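Visitor: After the sequence you'll find the predicted model.
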Amino acid sequence: MKFRSVFDIIGPVMVGPSSSHTAGAARIGRVARSLFGRQPAWAEIRLYGSFAETYMGHGTDVAIIGGLLDYDTDDERIRTAFQEAGRVGLKYEFITVDEEPEHPNTARVRIGDADGEMELTGISIGGGKMEVTELNGFTLRLTGHYPALLIVHHDRPGVIANVANSLAADGINIAHMECGRKEKGEMALMVIEVDQVITDSMIRLISDLDNVTQVSILAD
Amino acid sequence: MDILFSTVKELVGLAEKSGRPISEIMIDQEMRITKRSREEVVAQMERNLEVMEEAIEKGLEGVRSTSGLTGGDAVLIQNYIKSGKSLSGNLLLDAVSKAVATNEVNAAMGMICATPTAGAAGIVPGTLFAVKDKLNPTREQMINFLFTSGAFGFVVANNASISGAAGGCQAETGSAASMAAAAIVEMAGGTPQQSAEAFSIVMKNMLGLVCDPVAGLVEVPCVKRNAMGAAKALVGADMALAGVTSVIPTDEVIAAMHRIGQSMPSALRETAKGGLAATPTGKRLEAEIFGKKAEESVVD
């Protein structure tokens, strides 16, 4: 079940004109911002498929920048996101890619600053919902049928167990889980699909665990 | 997951067995899935209702999109209703004008509630705020209208699609009009099965509708498709309330919509490359709006 809540259908409350090309795009930008953990200094955004063909008319570009500025879908500042980006010093570039993507609404967002950079691929699946399919070269294999969490952490013993224990203590059942890392002892990732809807308190709980650096919703 | 229903057959069955309306089944499922209280779930839907009402009010005052392609039609229709000359009936035209109002606000990057998408956001609120004057519902009944619409949309989204890029306009305004028809039936006192019949009758008349927005903007023909979607929703609801049934069961109609969407070429799925977008006028408008050189070849 890709759509779990009635508010996926009647909602979101959003700035127009398109749920997939505006609201979903804003959410992709916002997840990138949340995983990066701070305001990026620059952004290079590649648009594919229908995103590439129609982004100007749908405000997909301002929406993604709005998301990178941490605006939610119902934040009216999305309309003036370009001006705000200029004010806070976020430089951005949009590139349209003439390539048939796996999903018609695909955006590849590369963001960074003096301290680092990050690359994420997101798809907007309709009605304002989105999924992250790739992060820093890791392919995130979501089944797409459950809410999913992405946890970025230091590769240390016990982190995975702590996360699993926290979820269990909250009555959350893990449906599917994948772990990966680039190099031993360095940055590692956990993708966890769960049977229950992800709540803010769940995210806070995991964020507070030792060696966890970022927690974000990959699919809601 | 505590999903209670994934098909319309299951949804109607649950409502009939428990003697409760479809809106109640939807609220029940939402509480189970999100582990929230009834008050919280209803309050969130009430906020959506408020956004819808505000969008209609704003649109009826008259708005204009930045491209200049749409805006002002809701006002024209309202003035025509007041002239007393309406042929199709005041309630029907009121729904049409309110659907248009919402989509004109959406096109102008105003605040709306997606139902189920932004491009189709006019139909559910447009019909709701038009039948309100005739049926005099309580605020709670108006909120329930949205839960019933949502219940049917939930089935469509999970078994077919509600995205124009994936399934064409039939997945967007088609879903919205069918959802609205089902909700109108419930508000008017029809049975859960009659809601399902209304859904099917309307969806069958939306099948095959392509997504071909001029210049890729959610304006032409989206605003007028919302207008006609609202009209079809009301007529379909009336037909079901009159006792008319659909020969093809609702879940099979939804499956047909899904298959039709999958076989649509990408030019007709929100890429602005085919249909009305590829007409000479459509291409000229695109060039004017974006200052691009109009392409000579027409892809269709």
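Guide: Arrived safely, thanks for sending. Residues are numbered from 1 along each chain as shown, chains lettered A, B, ... in the order given.

Visitor: OK, contacts around the most centrally placed residue in chain A?
Guide: When CA atoms, centre = their mean is applied to chain A, the residue found nearest the centroid is A:Val31 (3.0 Å). The contact partners of A:Val31, by CB atoms under 8 Å, 6 or more residues apart in numbering or on different chains, come to A:Gly67, A:Leu120, A:Gly122, A:Met130, A:Val132, A:Ser216, A:Ile217, A:Leu218. The way it works is simple: take the backbone N, C-alpha and C, and place the C-beta from them, glycine included.

Visitor: what residues does the stretch 1-150 of chain B put near chain A?
Guide: Within the stretch 1-150 of chain B, the residues that sit near chain A (CB under 8 Å from any CB of the partner chain) are B:1, B:3, B:6, B:26, B:29-30, B:33-35, B:41, B:44-45, B:47-48, B:51, B:67, B:105-119, B:121, B:124, B:146-147, B:149-150.

Visitor: Name only those of the residues you listed that count as buried.
Guide: Using 16 or more other CB atoms under 10 Å in any protein chain shown as the burial test, the residues of the stretch 1-150 of chain B next to chain A include B:1, B:26, B:29-30, B:33-34, B:41, B:44-45, B:48, B:51, B:67, B:105-119, B:121, B:124, B:146-147, B:149-150 as buried.

Visitor: coming back round to it: go through the contacts of A:Val31 and say which is closest to chain B.
Guide: A:Met130 (11.7 Å; CB to the nearest CB).

Visitor: For the closest one, report the pLDDT, please.
Guide: pLDDT recorded at A:Met130 is 88.

Visitor: Given the helix or strand where it lies, what are its sheet partners and their directions?
Guide: Using DSSP states H and E, A:Met130 maps to strand A:129-135. Each strand paired with strand A:129-135, and its direction, by DSSP bridges: strand A:116-126 (antiparallel), strand A:138-139 (antiparallel).

Visitor: Please enumerate residues in contact with the first one?
Guide: Just to be clear, that refers to strand A:116-126. A:2, A:19-21, A:24-25, A:27-28, A:31-32, A:35-36, A:51, A:102-103, A:105-112, A:130-137, B:116-117, B:157, B:161-163, B:165-166, B:171.

Visitor: and A:Phe51, what does it touch?
Guide: A:Phe51 is in contact with A:His21, A:Ala25, A:Thr60, A:Pro104, A:Asn105, A:Thr106, A:Ala107, A:Ser124, counting by CB under 8 Å, 6+ apart.

Visitor: mind listing which of those are in helices?
Guide: Per DSSP state H, helices hold the following members of the contacts of A:Phe51: A:Ala25, A:Thr60.

Visitor: what bridges to the closest residue in space to A:Thr133 that isn't next to it in sequence?
Guide: Once flanking residues are discounted, A:Thr133 sits nearest to A:Thr121: 5.0 Å by CB to CB, 6 or more residues apart in numbering or on different chains. Residues in a beta bridge with A:Thr121, per DSSP bridges, are A:Arg108, A:Glu134.

Visitor: And A:Thr121, how close does it get to chain B?
Guide: For A:Thr121, the distance to chain B equals 17 Å [CB to the nearest CB, to the nearest Å].

Visitor: isn't B:Cys169 right next to B:Leu207, touching?
Guide: No. Here B:Cys169 lies out of contact with B:Leu207, judged by CB atoms under 8 Å, at a distance of 10.6 Å.

Visitor: between these two, who's got more neighbours?
Guide: Of the pair B:Cys169 and B:Leu207, B:Cys169 is the one with more neighbours under other CB atoms under 10 Å in any protein chain shown, namely 28 against 15.

Visitor: where does chain A dip in pLDDT?
Guide: A:143-144 (pLDDT under 70).

Visitor: what residues go with each domain of it?
Guide: Annotated domains of chain A cover A:11-136, A:148-218 [the TED database].

Visitor: Redo those as CSV? Include distance to B:Ser195.
Guide: CSV is the format used below for the domains of chain A (distance: least, CB to CB, whole Å):
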stretch, distance to B:Ser195
domain A:11-136, 21
domain A:148-218, 26
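
Visitor: Of all those, which one is nearest B:Tyr80?
Guide: Closest approach to B:Tyr80 among those (CB to CB): domain A:11-136, 25.3 Å.

Visitor: And B:Ala255, how close does it get to B:Lys98?
Guide: The gap separating B:Ala255 from B:Lys98 is 31 Å, by CB to CB, to the nearest Å.

Visitor: So which of the two has more stuff around it?
Guide: B:Lys98 (32 against 15).

Visitor: so who does the more buried one touch?
Guide: By CB under 8 Å, 6+ apart, the neighbours of B:Lys98 are B:Ile56, B:Gly59, B:Leu60, B:Ala74, B:Gly122, B:Pro125, B:Gly126, B:Thr127, B:Phe129, B:Ala130, B:Ala230.

Visitor: And for A:Ser5?
Guide: So A:Ser5 contacts A:Val197, B:Glu30, B:Ile33, B:Thr34 (CB under 8 Å, 6+ apart).

Visitor: right, so the strands paired with strand A:129-135: which one is the most enclosed?
Guide: With neighbours defined as mean count of other CB atoms under 10 Å in any protein chain shown, the strands paired with strand A:129-135 peak in mean count at strand A:116-126, which reaches a mean of 22.
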